[in-house]
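K.L.:
Build me a model from this:
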Amino acid sequence: MGSISRPVTEFCLDLYNKLNRNAEDTNIVFSPMSISVALSLIHLGAKNNTAAQIEEVLHVRNAAGRGSLGSDLASTAPEVEPEGSQEQQPSLSQCNKDGDLNHKALQALLLELQNLGERYVLTLANNLFIQQGFELRQQFLLCSKELYGAMLQTVDFHGAVEATRTKINTWVERETQGKIKELFAPGVIDTNALLVLANVIYFKASWEYKFEEQKTVQRDFKLNENEKKPVQMMYQKGTFKLGYVEEMGAQVLELPYAQKLLSMIILLPGDVADGSTSGLEQIESTMTYENLMLWASSEHMVETTVEVYLPRFKLEGTFNLNEVLQEMGMTDIFTESKADLSAMSFSKSLVLSNVVHKAYVEVNEEGTVAAAGTGAVTVRRSLPLTEVFMADHPFLFFIRHNPTSTILFFGKLCSP
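P.N.:
Modelled structure (predicted):
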């Protein structure tokens, strides 16, 4: 399943760089895993160049340029079908064909993530909302349900857009146990919408080693060179994996969740004397897939006694991804003259109307609640008996599924 981890991470870094362009002092949080699943579900219904562009964005396009899985799903039906014609009997075996996007491997990962044990709550849910009057292919419906548990709902965007928006938001809020409200803000869905995909991920877990609440004290967090703000700073002393990126003076800490199945990895820039965030920018500019894997790998981290200072924080991020995905190369699916969703529907005019992603992360003494609805060398150095990890200035973090190294959430904390 490492085959899933790399493309999810590469997509994660591409997306972070786009979202971070004009967000120097802004918190960011999103779920690359959640958005990858959403786009993979759409990919099931795409053909030809539309499918190829999704594969490129998700980093699963191979050099040979094979046809996509979407093409396989559609190959059982002729290009043009007269009204009322019978679609060939759908079959589960059609869902199993490997194209450039390995849907079965993604499905296996989703099953693993939803069976982490009783100390975790991890819910992934997908729903497709389509304008009434569009007939969907039975093969697509079968595969989207089989692979991603996606259920289709026919709605009336054209005649009852507000009621439809409320219906979708209510479903999202229920699936995320009330954490994600208003996935679609007023005006985001208009009366021209045809297809809306809602994808949510809700995550709650306890730390393997909890912070004691009575040790949480108020401390200053340096927002930038000139500004500070008081935060509730959690503290514990324990044995943790700690790494060091020599060139940048950055520390890398792994905080495991229950049974160490998942971990939060924190990339903390060196604390420059003036509290400048240039260390953060240095990490961002050298953060390739290879470097990220190296910095956070077990071989390059040492188990040692660490005094950990970490602020309590809640982050919420809402992104309309239409523009970003088009910049990344997914242009055809939003354009009526070019979109090819013929593996999804018999209609030639179906386009993707909106991709909106919302993520929620809360970190406290007990653990983490998170939801979403998208060249340097590490060296071992001689460590003192007790290291201090003082997260009192901006840092990056991600939540990783350790058995597969898949990044579920990625974020930047500038202001707790």
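K.L.:
Check the nearest residue in space to V155 that is not next to it in sequence and give its pLDDT.
P.N.:
Distances taken as C-beta to C-beta, 6 or more residues apart in numbering put T164 closest to V155, at 4.4 Å, once the chain neighbours are dropped. For glycine as for every other residue, the C-beta is placed from the backbone atoms N, C-alpha and C. Looking at T164, its pLDDT is 94.
K.L.:
Please save the CA atoms from the helix or strand hosting T164 in CSV.
P.N.:
Per DSSP states H and E, T164 falls inside helix 161-175. What follows is helix 161-175, C-alpha atoms only, in CSV (Å, rounded to 0.1, in the frame of the first residue of the first chain):
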residue,chain,number,x,y,z
VAL,A,161,-31.0,25.4,-4.6
GLU,A,162,-31.2,26.6,-0.9
ALA,A,163,-33.1,23.6,0.2
THR,A,164,-30.5,21.4,-1.6
ARG,A,165,-27.6,23.3,0.0
THR,A,166,-29.2,22.8,3.5
LYS,A,167,-29.7,19.1,2.8
ILE,A,168,-26.0,18.6,1.8
ASN,A,169,-24.7,20.6,4.8
THR,A,170,-27.0,18.6,7.1
TRP,A,171,-25.6,15.3,5.8
VAL,A,172,-22.0,16.6,6.2
GLU,A,173,-22.6,17.8,9.8
ARG,A,174,-24.2,14.5,10.8
GLU,A,175,-21.3,12.5,9.3
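K.L.:
got the buried residues for it?
P.N.:
V161, T164, R165, I168, N169, W171, V172, E173, E175 (16 or more other C-beta atoms under 10 Å).
K.L.:
how about the helix or strand harbouring E284: buried residues?
P.N.:
Per DSSP H and E, E284 falls inside helix 278-285. Across helix 278-285, burial judged by 16+ other C-beta under 10 Å covers G279, L280, Q282, I283, E284.
K.L.:
Report all helices and strands that the helix holding T164 contacts.
P.N.:
Applying 3 or more C-beta pairs under 8 Å, 6 or more residues apart in numbering; DSSP states H and E, one finds that helix 161-175 makes contact with strand 120-131, strand 151-155, strand 195-206.
K.L.:
Hmm, E112 and I4 touching each other?
P.N.:
No. Using C-beta atoms under 8 Å, I4 makes no contact with E112, being 10.3 Å away.
K.L.:
Which one's more surrounded, the two?
P.N.:
A count of neighbours by other C-beta atoms under 10 Å puts I4 above the other of I4 and E112, at 21 against 16.
K.L.:
Pull up the gap between that one and E365, please.
P.N.:
According to C-beta to C-beta, to the nearest Å, I4 and E365 sit 32 Å apart.
K.L.:
next one: A198
P.N.:
32 Å.
K.L.:
Neighbours of E290, how many?
P.N.:
Other residues within reach of E290, judged by other C-beta under 10 Å, total 10.
K.L.:
how would you label it: helix, strand or coil?
P.N.:
Three-state secondary structure (criterion: DSSP: H, G, I helix; E, B strand; the rest coil) places E290 in helix.
K.L.:
can you list the domain ranges for the protein.
P.N.:
Domains of the chain are assigned by automatic domain parsing as 32-206+315-361, 213-312+374-413.
K.L.:
Quick check: which of the ones you listed is nearest to T9?
P.N.:
The closest of the domains of the chain to T9 is domain 213-312+374-413. By C-beta to C-beta, the value is 5.4 Å.
K.L.:
gap between the two ends of that closest one?
P.N.:
21 Å (C-alpha to C-alpha, to the nearest Å).
K.L.:
Let me see the mean pLDDT of it.
P.N.:
Averaging pLDDT along domain 213-312+374-413 yields 85.
K.L.:
Pull the distance from it to the chain's centre.
P.N.:
From the chain centre to the centre of domain 213-312+374-413 is a distance of 20 Å (C-alpha atoms, centre = their mean, to the nearest Å).
K.L.:
With stretch 93-109 instead?
P.N.:
Centroid separation between stretch 93-109 and its chain, computed with C-alpha atoms, centre = their mean, is 19 Å.
K.L.:
so how far is the first residue of it from its last?
P.N.:
Stretch 93-109 end-to-end distance (C-alpha to C-alpha) = 19 Å.
K.L.:
Ok, stretch 217-233 next?
P.N.:
The stretch stretch 217-233 measures 5 Å between its terminal residues, going by C-alpha to C-alpha.
K.L.:
Next: stretch 103-122.
P.N.:
20 Å.
K.L.:
and the next element down the chain from the strand or helix carrying L39?
P.N.:
Element membership for L39, per DSSP H and E: helix 32-43. If you walk from helix 32-43 toward the C-terminus, the next helix or strand you reach (DSSP H and E) is helix 48-57.
K.L.:
Helix 32-43 and that next one, what's the angle between them?
P.N.:
In terms of direction (axes from the mean of the first three to the mean of the last three C-alpha atoms, to 10 degrees), helix 48-57 departs from helix 32-43 by 170 degrees.
K.L.:
on that earlier part again, among the helices and strands packed on helix 161-175, show me which one is buried the most.
P.N.:
Neighbour counts (mean count of other C-beta atoms under 10 Å) averaged over each of the helices and strands packed on helix 161-175 peak at strand 195-206, with a mean of 24.
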